[in-house]
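Novice: no FASTA, just this:
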């Protein structure tokens, strides 16, 4: 068992600090990955600071589930990968492979899944899984993804969580040519939602409270911006959207967006407000509309998303930082001061 | 223009009293119907008492949109019906025939639809449309439905609203063999939901707060009853339902039912609580579940539902009353003291 350098939190109130953590010796189906970049997800902040009741960290904890790296070794039975290849790891590192969800290729719903950080570890190396803020990781090949060669690696890292979280519902709800699509909130998730919906050929509008985001929305390919506080603008678009992706993680008026939907339209929530949202029965019934939620996708769908990104040249807009910048980045994420994701250059771990 | 006997309200606080109302002379595509039975819907009570902001009655008003009658005359161009046939009229009596909804056979979403009572009347006979608590009605043949001959007519009346309101979402969500279906609330809508889901071959469970409803649920064909206040019973069924039809028209804990759904399960609301429902993002996101609403169906779907009822022998459980019993029936509907719908025998109007 190897000891490797990492960054993580020693308690709910500690900053992110250097740590040394164990990584298991290669099993027959394992891939060892030298981590080049790791994206920072808002979930990392909630987790490290123990802000979720349902997922209390065992400290020291290591966040990070947007991992890009190079294969440095493979187990004896590995067939999918070989040394030197550029690969990714997202939110999942294990599932039981036998349940209905696994059989359907929807490992994210496996009741025995291990997440990349913060859950029990079926391989038992440490008290729980330890994430990607580290120099290397060992992962079963089933959960390792191929990264298209043409993508800029630092900017590809957020595809592994923000990318699949937005792509999955956009794909499932048939976003494409002839569809009018709304994206609520232009942040880490929202900017990926715009890119995917545009790439798939839809007419895309961004709902925002900030007039200042208009230029950026247009640059990302949106047709326009709708200021959600402007009742006249909202009224003009009422009942016209086929699909809305709601990326807002704070309490907000969901009925205003439900009323933007056409008959049989759907709004899917990917942000997770901690408080319940007030939903009016009338808006759902009268337009036969639906309100859904969606988490990440399965492994096959994540690879499909990455392949599309390769084909269309899609990556996230990132600010690249060193390991010494993680704590500042966390504060800026909480303040919403980032366009649109941070990626840690893990080579700075060696300095 | 003929004057006919009817029953209706003269103000928001008046009882339902005898009235005389106009019915238009037959237009070329009109069917004149001698009304035999008219069901009482909870909507009738809300409307007559002016309890809905969005639909303030012009008084005197005449409720009634679950109409069964006999064709007594037809206009010169009518091809679908002839004198003596048994027919039905539901919630719709007109739509523009040119909009997207009409082209899709979804007249219930036509922005220019006329409801059977309480909306402007395109034919302009009275200040607004006047419903089925009357001896006759004149309706364009497009909005007249064929009633299967084998059905008991008094018990068929509620199919025109309660029937189609429950059948439409049950059908759209693929209820059938191999599906586990929940019905929340065993009332006028709920008991029809049980009958349809059972007839379509699903395994049906009734969620209720009243242990006393178990025998009735089983009689209607349900596999069992789940007491929604019993946390252990609820936990036993968590995550196991494909589809839930929520027929509760008062504020209730929708998250408890969302958590009963499988991955990708749907809960559809057909009752319309006046207050918003608190929806937790977590329950929707983690199971990729959806929460929808659904109103009545279109004319073609209503006929499809009636034909199924003929084939399977499905009607509502009704208590038949005379016109002098309408006011008591309204009070009992508000108290929930009815198993499960009232139907007015309109022959009592002539006594």
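Specialist: Received it, and whenever you're ready, just let me know what you need. Note that the structure is a prediction, hence the values are computed from the model and not measured.
Novice: Get me the contact residues on chain A for chain B.
Specialist: A:54, A:101, A:106, A:109, A:254-255, A:263, A:266, A:269-273, A:276-295 (C-beta under 8 Å from any C-beta of the partner chain). (Glycine included, C-beta is placed from N, CA and C.)
Novice: Keep only those of these that are in helices.
Specialist: A:101, A:254-255, A:281-286 (DSSP state H).
Novice: my read: residue A:297 touches residue A:167, true?
Specialist: Yes - with contacts counted by C-beta atoms under 8 Å, residue A:297 reaches residue A:167, the gap being 6.9 Å.
Novice: what's the overlap in contacts for these two?
Specialist: Residues within reach of residue A:297 and of residue A:167 at once, by C-beta atoms under 8 Å, 6 or more residues apart in numbering or on different chains, are residue A:305.
Novice: Just give the nearest non-adjacent residue to residue A:99, would you?
Specialist: Once flanking residues are discounted, residue A:99 sits nearest to residue A:110: 5.4 Å by C-beta to C-beta, 6 or more residues apart in numbering or on different chains.
Novice: For the stretch 101-250 of chain A, which segments count as strands?
Specialist: Under the criterion DSSP state E, counting those that start in this stretch, strands of the stretch 101-250 of chain A are mapped to A:114-115, A:136-140, A:145-146, A:180-184, A:203-208, A:224-227, A:241-246.
Novice: Kindly reformat these as TSV containing mean neighbour count, mean pLDDT and distance to residue B:117.
Specialist: Output for these, formatted as TSV (neighbours: other C-beta atoms under 10 Å in any protein chain shown; pLDDT from 0 to 100; distance: least, C-beta to C-beta, whole Å):
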stretch	mean neighbour count	mean pLDDT	distance to residue B:117
strand A:114-115	22	97	56
strand A:136-140	23	98	64
strand A:145-146	19	98	59
strand A:180-184	27	98	35
strand A:203-208	25	97	38
strand A:224-227	18	97	37
strand A:241-246	26	98	32
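Novice: Kindly reformat the ones you listed as a markdown table containing distance to residue B:61.
Specialist: Shown next, in a markdown table, are the strands of the stretch 101-250 of chain A (distance: least, C-beta to C-beta, whole Å):
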| stretch | distance to residue B:61 |
| --- | --- |
| strand A:114-115 | 59 |
| strand A:136-140 | 69 |
| strand A:145-146 | 64 |
| strand A:180-184 | 39 |
| strand A:203-208 | 40 |
| strand A:224-227 | 39 |
| strand A:241-246 | 36 |
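Novice: Residue A:82: how many residues sit nearby?
Specialist: Here the count is done by other C-beta atoms under 10 Å in any protein chain shown, and residue A:82 has 11 residues near it.
Novice: Show me what the top strand by length along chain A packs onto, helices and strands only.
Specialist: If you go by DSSP state E, chain A has its longest strand at strand A:30-40. If you count contacts as 3 or more C-beta pairs under 8 Å, 6 or more residues apart in numbering or on different chains; DSSP states H and E, strand A:30-40 packs onto strand A:67-74, strand A:86-89, strand A:136-140, helix A:153-156, helix A:326-335, strand A:341-345.
Novice: Give me the residues contacting the fifth one.
Specialist: Same thing as helix A:326-335. Taking C-beta under 8 Å, 6+ apart as the rule, helix A:326-335 contacts A:7, A:15-16, A:40, A:42, A:44-45, A:48, A:133, A:319, A:321, A:338, A:342, A:344.
Novice: For chain B, what is the nearest residue in the stretch 51-200 of chain A?
Specialist: Relative to chain B, the nearest point of the stretch 51-200 of chain A is residue A:109 (5.1 Å; C-beta to the nearest C-beta).
Novice: Excluding chain neighbours, what is closest to that residue?
Specialist: residue A:101 (3.8 Å).
Novice: what do you get for residue A:106?
Specialist: residue A:298 (4.5 Å).
Novice: Now do the phi/psi pair for that neighbour.
Specialist: The phi/psi pair for residue A:298 (degrees, to the nearest 10) reads phi -80, psi 180.
Novice: List the contacts of it.
Specialist: Neighbour list for residue A:298: A:104-108 [criterion: C-beta under 8 Å, 6+ apart].
Novice: CSV please, covering the ones in helices among the residues of chain A next to chain B and showing neighbour count.
Specialist: Formatted as CSV, these follow (neighbours: other C-beta atoms under 10 Å in any protein chain shown):
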residue, neighbour count
A:101, 19
A:254, 24
A:255, 17
A:281, 22
A:282, 18
A:283, 20
A:284, 25
A:285, 20
A:286, 20
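Novice: just those now: which is nearest residue B:76?
Specialist: The closest of these to residue B:76 turns out to be residue A:286 (C-beta to C-beta; 36.6 Å).
Novice: which helices and strands sit right next to the lengthiest helix in chain A?
Specialist: In chain A, with assignment by DSSP H, the single longest helix is helix A:299-312. Contacts defined by 3+ C-beta pairs under 8 Å, 6+ apart place helix A:299-312 against strand A:145-146, helix A:162-172, helix A:188-199.
Novice: Which elements pack onto the last one?
Specialist: Spelled out, it's helix A:188-199. Using 3+ C-beta pairs under 8 Å, 6+ apart, helix A:188-199 is in contact with helix A:162-172, strand A:180-184, strand A:203-208, strand A:241-246, helix A:299-312.
Novice: Provide the count of other residues in contact range of residue A:112.
Specialist: By other C-beta under 10 Å, 16 other residues sit near residue A:112.
Novice: Skip the chain neighbours and tell me the closest residue to it.
Specialist: Closest residue in space to residue A:112, ignoring its immediate chain neighbours: residue A:96 at 4.1 Å, by C-beta to C-beta, 6+ apart.
Novice: Roughly how far does the one you found sit from residue B:202?
Specialist: The spacing between residue A:96 and residue B:202, counted by C-beta to C-beta, to the nearest Å, is 29 Å.
Novice: how is chain A carved up into domains?
Specialist: A:2-161+A:297-350, A:162-293 (automatic domain parsing).
Novice: got those as CSV, with distance to residue B:209 columns?
Specialist: Listed next are the domains of chain A as CSV, based on distance: least, C-beta to C-beta, whole Å:
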stretch, distance to residue B:209
domain A:2-161+A:297-350, 28
domain A:162-293, 19
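Novice: between residue A:96 and residue B:202, which one's more packed in?
Specialist: residue B:202 (24 against 14).
Novice: what's the pLDDT at the more buried one?
Specialist: pLDDT, residue B:202: 98.
Novice: Likewise for residue A:56?
Specialist: For residue A:56, the pLDDT comes out at 86.
Novice: Next: residue A:274.
Specialist: pLDDT, residue A:274: 83.
Novice: How about the contacts made by the nearest residue to residue A:261 once chain neighbours are set aside?
Specialist: Closest residue in space to residue A:261, ignoring its immediate chain neighbours: residue A:289 at 4.8 Å, by C-beta to C-beta, 6+ apart. Contacts for residue A:289 (C-beta under 8 Å, 6+ apart) come out as A:258, A:261, A:263-267, A:283, B:292-293.
Novice: Looking at these, which is nearest residue B:71?
Specialist: Distance to residue B:71, by C-beta to C-beta, is smallest for residue A:263 among the contacts of residue A:289, at 32.5 Å.
Novice: dump the residue contacts of that closest one.
Specialist: So residue A:263 contacts A:239, A:287-289, B:101, B:106, B:109 (C-beta under 8 Å, 6+ apart).
Novice: 7 Å instead, please
Specialist: Residues near residue A:263 by C-beta atoms under 7 Å, 6 or more residues apart in numbering or on different chains: A:287-288, B:101, B:109.
Novice: Cool, thanks, signing off.
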